[in-house]
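Trainee: sequence? don't have it. structure:
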């Protein structure tokens, strides 16, 4: 900070143990700084109660809440594609402080948290930030044990969520990086939020017919929604449940929806309407399928005509769709 006296200093705080310790160190330093809490709209009541106890903190809020976002995008975050941190944490912060050219951002990042964070240095940045923004990680070499010992010895404020058995206090319920153990805690401590997310998962599975997208049953989806494909091939239970939902009596026809690849580009075909269009146009016993892009090219359909054709087939009551 002495080298960059024109920079404004911000301590980024999630109310987690690491953030609160960094905030404490900033206070000890005697430097002038502001604490910033980036509201993801997905935190729990314990976190929001803690934030309210600090009216001097800056709180950044998203233009659109997490639940509204996933509904609009028809999107469920997974470990392979989430986007929620980029939008609701980094995005909030960057948008809120977009008019500030020079900033020092002090964070509670630690090297032993993950493989991705193991390479972080004392001073670094973020590719999404302005080039003049500087990131500082004063406790990057601390272990989790050291953080807790220091926190308890000095009587630092602790998010009550830790006392409920959680190891992390970040985004609640819907974070794809939480564990199944955490989901059991969610069900007990935050039943309303838990049931809301279960309802979202239920509707997502049914509306998108994810039997053949993930090769699992609805009950399995509640346990594996964050990890992508459950198995390479569907079990009898998966196929049977899919048949009951679609109202199909022909098992061979039901199996046509599973494990297909485009005969032209070899891309996996998992979307129900792509499979249904192949079956509708070329027969229910075909052995070769085309993905949407290749099928549109072969039939000469435009994107608009593609969706119009599907809607017409649905209105006719075609069971394939």
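Mentor: Everything's here; your move. As the structure is a computational prediction, the values presented were derived from the model and not from experiment.
Trainee: any idea which helix is longest in the chain?
Mentor: When the chain is parsed with DSSP state H, its longest helix is helix 191-207.
Trainee: how about that helix: buried residues?
Mentor: Buried residues in helix 191-207, defined by neighbour count with 16 or more other CB atoms under 10 Å: 193-194, 197-198, 200-201, 204-205. Quick note: C-beta positions are derived from backbone N, CA and C, even for glycine.
Trainee: could you do stretch 245-264 as well?
Mentor: Buried residues in stretch 245-264 (16+ other CB under 10 Å): 246, 248, 253-254, 256-258, 260, 262.
Trainee: name the residues that touch the worst-scoring helix or strand of the chain on mean pLDDT?
Mentor: Least confident helix or strand, the chain: helix 84-85 with a mean of 74, by mean pLDDT, DSSP states H and E. Applying CB atoms under 8 Å, 6 or more residues apart in numbering, the external contacts of helix 84-85 come out as 40, 42, 66, 77, 171, 174-175.
Trainee: what residues does residue 241 make contact with?
Mentor: Residue 241 neighbours (CB under 8 Å, 6+ apart): 211, 217-218.
Trainee: nearest to residue 26 among these?
Mentor: Nearest to residue 26 among the contacts of residue 241: residue 218, at 48.1 Å, using CB to CB.
Trainee: pretty sure that closest one contacts residue 204?
Mentor: No - look at residue 218 against residue 204 with CB atoms under 8 Å: they stay out of range, at 10.4 Å.
Trainee: hang on, the earlier thing: quick one: the buried residues of helix 191-207 as CSV, columns for pLDDT and distance to residue 2 too.
Mentor: Below are these laid out as CSV (pLDDT from 0 to 100; distance: CB to CB, whole Å):
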residue, pLDDT, distance to residue 2
193, 95, 45
194, 96, 48
197, 97, 47
198, 97, 52
200, 97, 49
201, 97, 51
204, 95, 52
205, 96, 56
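Trainee: re the thing from before, just how off-centre is the least confident helix or strand of the chain within its chain?
Mentor: Helix 84-85 has its C-alpha centroid displaced from the chain centroid by 6 Å (CA atoms, centre = their mean, to the nearest Å).
Trainee: show me what secondary structure element comes after that helix.
Mentor: In the C-terminal direction, the helix or strand that comes right after helix 84-85 (DSSP states H and E) is helix 91-96.
Trainee: what lies in contact with that following helix?
Mentor: Outside helix 91-96, the residues that touch it by CB under 8 Å, 6+ apart are 12, 36, 38-40, 58, 60-63, 128-129.
Trainee: redo that, cut-off 6 Å
Mentor: Residues from elsewhere that reach helix 91-96 (CB atoms under 6 Å, 6 or more residues apart in numbering): 38, 60, 62.
Trainee: may I ask which of these has the most neighbours?
Mentor: residue 38 (22 neighbours; other CB atoms under 10 Å).
Trainee: which stretches of this protein form strands?
Mentor: 8-12, 34-38, 58-60, 103-106, 123-124, 133-136, 260-261, 268-269 (DSSP state E).
Trainee: using JSON lines, please lay out those strands together with mean pLDDT and distance to residue 315.
Mentor: Listed next are the strands of the chain as JSON lines, based on pLDDT from 0 to 100; distance: least, CB to CB, whole Å:
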{"stretch": "strand 8-12", "mean pLDDT": "96", "distance to residue 315": "52"}
{"stretch": "strand 34-38", "mean pLDDT": "96", "distance to residue 315": "45"}
{"stretch": "strand 58-60", "mean pLDDT": "96", "distance to residue 315": "46"}
{"stretch": "strand 103-106", "mean pLDDT": "96", "distance to residue 315": "54"}
{"stretch": "strand 123-124", "mean pLDDT": "92", "distance to residue 315": "56"}
{"stretch": "strand 133-136", "mean pLDDT": "95", "distance to residue 315": "53"}
{"stretch": "strand 260-261", "mean pLDDT": "90", "distance to residue 315": "25"}
{"stretch": "strand 268-269", "mean pLDDT": "88", "distance to residue 315": "24"}
